[in-house]
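Asker: Take this sequence and fold it.
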Amino acid sequence: RELRRPVERAGLYIPGGRAPLASTVLMTAVPARVAGVATLAAVTPPGPGGEVHPAVLAAAAVAGVDEVYRVGGAQAVAALAYGTASIPAVDVIVGPGNVYVATAERLVAQEGAVGVPSAFTGPSEVAVVADGTVPLEWAAVDLVVQAEHGPDGLAYLITWSAEVAEAVTAAVDAIAAASPRRAEITATLERGGYAVLVDGPEQAMEVANVIAAEHLELQVADPDQLVPLVRCAGAVFNGPWAPASVGDYAAGPSHVLPTARSARFGSALRVDDFCRHIHVVDLDRAALAELAPHVVALAEVEGLAAHADSVRLRMAAPA
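Answerer: Numbers count the residues shown, from 1 in each chain. This is a model prediction of the structure:
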């Protein structure tokens, strides 16, 4: 049998340095509450005046967060993992952040201090597969959507049309120039903006699977034909009416998604990330008699005599 038990305390990292991500409060606290976690503790960097943004506090109240601490960065992750005089330690830490936050989560998990989902939830990423049948401005703005989170992110356009690549690139430049977050967008695209020209749809999906992007958009005439070719992606936004921004705020999966190619082995944050699964093993005499020869054989091969004897003694006992 399997016993499903939630952790006692979960730590939620809520980014706030470049934008007050109230949505991340919901995207982390809701699955934790569904799992049955007893106490939710959120950490978030305060604004210049030392206050937490009202939208973040409102979201915390709506989602039932028990504790909110005004601290961000790698030091906030350390506080949740090890505990401080004012911040009790937690059992699991979830939530996206910059590369320092995401790396800190990996480090504390590596030390066994706390549980962290396997995915690396760092700077935002998007890969848009476009064939020119969807308005090119839509592909362009969706590339900018993830780039406006700030530096160290990735934005890929994948297409088999040179005309599409040129037109979308020009549209991205125009959108970025007019954006109030021009600095963040430019910083991302200068280091992590790519237009990839391939031979056809199958090759486009091969590239997408190598990138293993956090958000994969299929802005093509028949996106359902490409979905079976997806092997590595955090979440797939299928067709022209499914922009990744819907996933950021309202669509079913959490927007805490794998980045930095960790979609090869990790997944979106989910209820099970806040749960432990404890196995309960029941046998009667007949069941043990059936398994005994196999246990004894393996124990003898490994030279572990007591393992074999623990079964032999039971089978030698009177019925």
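
Asker: use CA for all of it now, contacts and neighbours both
Answerer: Will do.

Asker: Distance of Val62 relative to Ala29?
Answerer: 10 Å (Cα to Cα, to the nearest Å).

Asker: In terms of neighbours, single out the busier of the two.
Answerer: Higher neighbour count among Val62 and Ala29: Ala29, with 28 against 13, using other Cα atoms under 10 Å.

Asker: Ignoring the adjacent residues along the chain, who's closest to that one?
Answerer: Ala63 (6.1 Å; Cα to Cα, 6 or more residues apart in numbering).

Asker: and the one you found, what does it touch?
Answerer: Ala63 makes contact with Val25, Leu26, Ala29, Val30 under the criterion Cα atoms under 8 Å, 6 or more residues apart in numbering.

Asker: in what helix or strand does the third one lie?
Answerer: Ala29 is located in helix 22-35, with elements delineated by DSSP states H and E.

Asker: which residues sit against that helix?
Answerer: For helix 22-35, using Cα under 8 Å, 6+ apart, the contacting residues are 6, 10, 12, 14-15, 40, 55-57, 59-60, 63-65, 94-95, 248-249, 254-256, 269-272, 274-275.

Asker: next one: it to chain centre, how far?
Answerer: 13 Å (Cα atoms, centre = their mean, to the nearest Å).

Asker: So which bits of it are buried?
Answerer: By 16 or more other Cα atoms under 10 Å, the buried positions in helix 22-35 come out as 22-33, 35.

Asker: what element comes up after it heading to the C-terminus?
Answerer: strand 39-44.

Asker: how about the helix or strand of the chain with the lowest mean pLDDT as PDB, C-alpha atoms only?
Answerer: In the chain, no helix or strand scores lower on mean pLDDT, DSSP states H and E than helix 182-192, which sits at a mean of 89. Taking Å, rounded to 0.1, in the frame of the first residue of the first chain, the C-alpha atoms of helix 182-192 are listed here in PDB:
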ATOM      1  CA  ARG A 182      12.900  48.000 -22.900                       C
ATOM      2  CA  ALA A 183      16.000  47.600 -20.800                       C
ATOM      3  CA  GLU A 184      15.000  44.200 -19.600                       C
ATOM      4  CA  ILE A 185      13.900  43.000 -23.000                       C
ATOM      5  CA  THR A 186      17.100  44.200 -24.700                       C
ATOM      6  CA  ALA A 187      19.300  42.700 -22.100                       C
ATOM      7  CA  THR A 188      17.600  39.300 -22.600                       C
ATOM      8  CA  LEU A 189      17.600  39.300 -26.400                       C
ATOM      9  CA  GLU A 190      21.200  40.600 -26.800                       C
ATOM     10  CA  ARG A 191      22.500  37.500 -24.900                       C
ATOM     11  CA  GLY A 192      19.700  35.000 -25.400                       C
END
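
Asker: other SSEs contacting it?
Answerer: helix 136-147, strand 154-159, helix 162-178 (3 or more Cα pairs under 8 Å, 6 or more residues apart in numbering; DSSP states H and E).

Asker: and it, which residues are buried?
Answerer: Buried-residue list, helix 182-192, by 16+ other Cα under 10 Å: Arg182, Glu184, Ile185, Thr186, Ala187, Thr188, Leu189, Gly192.

Asker: just to revisit the earlier point, output the buried residues of helix 22-35 in a markdown table; the columns should cover pLDDT and distance to Pro223.
Answerer: Formatted as a markdown table, the buried residues of helix 22-35 follow (pLDDT from 0 to 100; distance: Cα to Cα, whole Å):
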| residue | pLDDT | distance to Pro223 |
| --- | --- | --- |
| Ala22 | 94 | 31 |
| Ser23 | 94 | 28 |
| Thr24 | 95 | 28 |
| Val25 | 97 | 31 |
| Leu26 | 96 | 29 |
| Met27 | 96 | 26 |
| Thr28 | 97 | 29 |
| Ala29 | 97 | 32 |
| Val30 | 96 | 30 |
| Pro31 | 96 | 29 |
| Ala32 | 97 | 32 |
| Arg33 | 97 | 34 |
| Ala35 | 97 | 33 |
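
Asker: Among the residues you listed, which one sits closest to Val108?
Answerer: Thr28 (18.9 Å; Cα to Cα).

Asker: And the closest one, how close does it get to Ala289?
Answerer: Distance from Thr28 to Ala289, by Cα to Cα: 47 Å.

Asker: on that earlier part again, of the helices and strands packed on helix 182-192, flag the one that's most buried.
Answerer: Highest mean neighbour count among these (mean count of other Cα atoms under 10 Å): strand 154-159, with a mean of 25.
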